[in-house]
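Structure for this input, please:
(one chain, ligands or ions: 1)
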Amino acid sequence: MSGLSTEWAASTPVTTAPFPRHLVSADRLTRAHVETLFEQAEALRHAPRAETAQRWRGAVMGSLFYEPSTRTRMSFEAAALRLGLHVVGAENAREHSSAKKGERLSDTLRVVSSYVDLLVVRHHEDDALEAAAACSRVPVVSAGTGSGEHPTQALLDVYTLQREFGHVDGLRVSLFGDLRYGRTVHSLVRLLTKFRGVEVCMLAPAGLELPETLVREVRAAGITLWAADSLTEALADADVVYQTRVQAERLPADQRPTAGPVRIGPAELAQLPAHARILHPLPRVDELDPAIDTDPRAAYFRQVENGLFLRMAVLDRMLTETFGEGGMV
Ligand code: ASP
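Okay, here's the model as predicted:
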């Protein structure tokens, strides 16, 4: 696995646009923000643990999850602890917070933001978080919103591409699976518009194609994007296969696709170039055969590990925006 190339690190531009106050959409980030986060993730990965554990000692992260989560919640919480923060929150906020009593999200964020220095929130509605974040006294980081967006997943996906290939510009990415309800691909295509010459090929079951408004949006932002005619086309020229599961919990029973996503196993792998990589935001269901896990092109568990450092970098950036480079005083 390659690290950041010296050439890439040396050409990292200085961030000029301010970092967004709240991180709720991948679209708000500039390329310079993204590259600064990657650089910091790399630095935090290699920094002595005892040093990073002092970095934000005494700060508090609030964590509110209104939907189930394994990786996102635990990696955010682990990232916080590794940076010296304390964590408070609810891992099942729909049941174990005042949402159960009918409290609106904006009120909960207003209240909880009086106790903490930043908030990580996952919510089941596509659009509720953006408006509610305006009521928060501290920065809010989205940990995924309905079938809307999942910006830190996209950041860790692209960070993985940067580490695996040494660059993101010019990559050809084939998106597989549920592109309609899968929020990670929505943030991913938005984030890929920040890079040059990226091409996106799509292979989705009927009814689960990328929403037309998003297709228009990312094309207008400069991405070449098309629907593949065949599995062979989607595999043969791909640098990256980004596989996703069907978001069964979001689909009304009568809208279940008759055909599931293509399952990637040894036969599909045989059609994939030797230099290509397979990513998946996980959890997988049936769409990735565990038999391919040991192939060096299977990057999804490295992707998970990258998520920890990328999320450390996000928390570090947001806290630096609040307290300054000197840390907490
Ligand atoms: N873990 C990702 C998400 O929360 C992907 C998925 O659930 O399919 O969106």
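
Show me what from the stretch 1-150 of the chain comes close to the ligand.
Contact residues (Cβ under 6 Å from any ligand atom) of the stretch 1-150 of the chain with the ligand: 72, 144, 150. C-beta coordinates here come from the backbone N, C-alpha and C atoms, glycine included.

helix or strand for the nearest residue to Phe19 once chain neighbours are set aside, which one?
Spatial nearest neighbour of Phe19, excluding adjacent residues (Cβ to Cβ, 6 or more residues apart in numbering): Glu321 at 5.4 Å. Using DSSP states H and E, Glu321 falls within helix 300-323.

average pLDDT across that helix?
Average pLDDT, helix 300-323: 97.

Using CSV, write out the CA atom coordinates for that helix.
Coordinates of each C-alpha in helix 300-323 appear next as CSV, following Å, rounded to 0.1, in the frame of the first residue of the first chain:
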residue,chain,number,x,y,z
TYR,A,300,-12.3,-2.2,1.8
PHE,A,301,-10.7,-3.2,5.1
ARG,A,302,-7.8,-0.8,4.5
GLN,A,303,-10.5,1.8,3.8
VAL,A,304,-12.0,1.1,7.3
GLU,A,305,-8.6,1.7,8.9
ASN,A,306,-8.2,5.0,6.9
GLY,A,307,-11.5,6.1,8.3
LEU,A,308,-10.1,6.4,11.8
PHE,A,309,-7.3,8.7,10.8
LEU,A,310,-9.5,10.7,8.5
ARG,A,311,-12.0,11.3,11.2
MET,A,312,-9.3,12.2,13.6
ALA,A,313,-8.3,14.9,11.1
VAL,A,314,-11.8,16.1,10.7
LEU,A,315,-12.3,16.5,14.5
ASP,A,316,-8.9,18.1,14.8
ARG,A,317,-9.7,20.6,12.0
MET,A,318,-13.1,21.5,13.5
LEU,A,319,-11.6,22.1,17.0
THR,A,320,-8.8,24.1,15.5
GLU,A,321,-11.4,26.3,13.8
THR,A,322,-12.9,26.9,17.3
PHE,A,323,-9.9,27.2,19.5
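
change the start of the numbering to 542 and stick with it
New numbering, starting at 542: the last item is helix 841-864.

Tell me how far it lies from the chain's centre.
Helix 841-864 has its C-alpha centroid displaced from the chain centroid by 10 Å (Cα atoms, centre = their mean, to the nearest Å).

give the contact list for the nearest residue to Leu646 once chain neighbours are set aside.
Among residues not flanking Leu646 along the chain, Ala673 sits closest, at 4.2 Å (Cβ to Cβ, 6+ apart). Each residue near Ala673 by Cβ atoms under 8 Å, 6 or more residues apart in numbering is listed here: 645-647, 649-650, 681.

Would you tell me which one of those residues comes nearest to the ligand?
When the contacts of Ala673 are ranked by distance to the ligand (Cβ to the nearest ligand atom), Val681 comes first, at 17.0 Å.

where exactly do the helices run in the stretch 542-691 of the chain?
547-551, 572-587, 590-596, 612-623, 634-637, 646-653, 669-674 (DSSP state H, counting those that start in this stretch).

Could you dump those helices into CSV with mean pLDDT added?
Converted to CSV, these look like this (pLDDT from 0 to 100):
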stretch, mean pLDDT
helix 547-551, 41
helix 572-587, 98
helix 590-596, 95
helix 612-623, 98
helix 634-637, 94
helix 646-653, 97
helix 669-674, 95
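
For Gly748, the count of nearby residues, please.
For Gly748, the count of nearby residues is 13 (other Cβ atoms under 10 Å).

I'd like the distance between it and the ligand.
17 Å (Cβ to the nearest ligand atom, to the nearest Å).

and that residue, what is it in contact with?
Counted by Cβ under 8 Å, 6+ apart, Gly748 has contacts 721, 796, 798.

and if we set it to 6 Å?
Pro798 (Cβ atoms under 6 Å, 6 or more residues apart in numbering).

Could you do His821 as well?
784, 829, 841.

The first one against Phe717, yeah?
Yes: in terms of Cβ atoms under 6 Å, Gln784 counts as a neighbour of Phe717; the distance is 4.6 Å.
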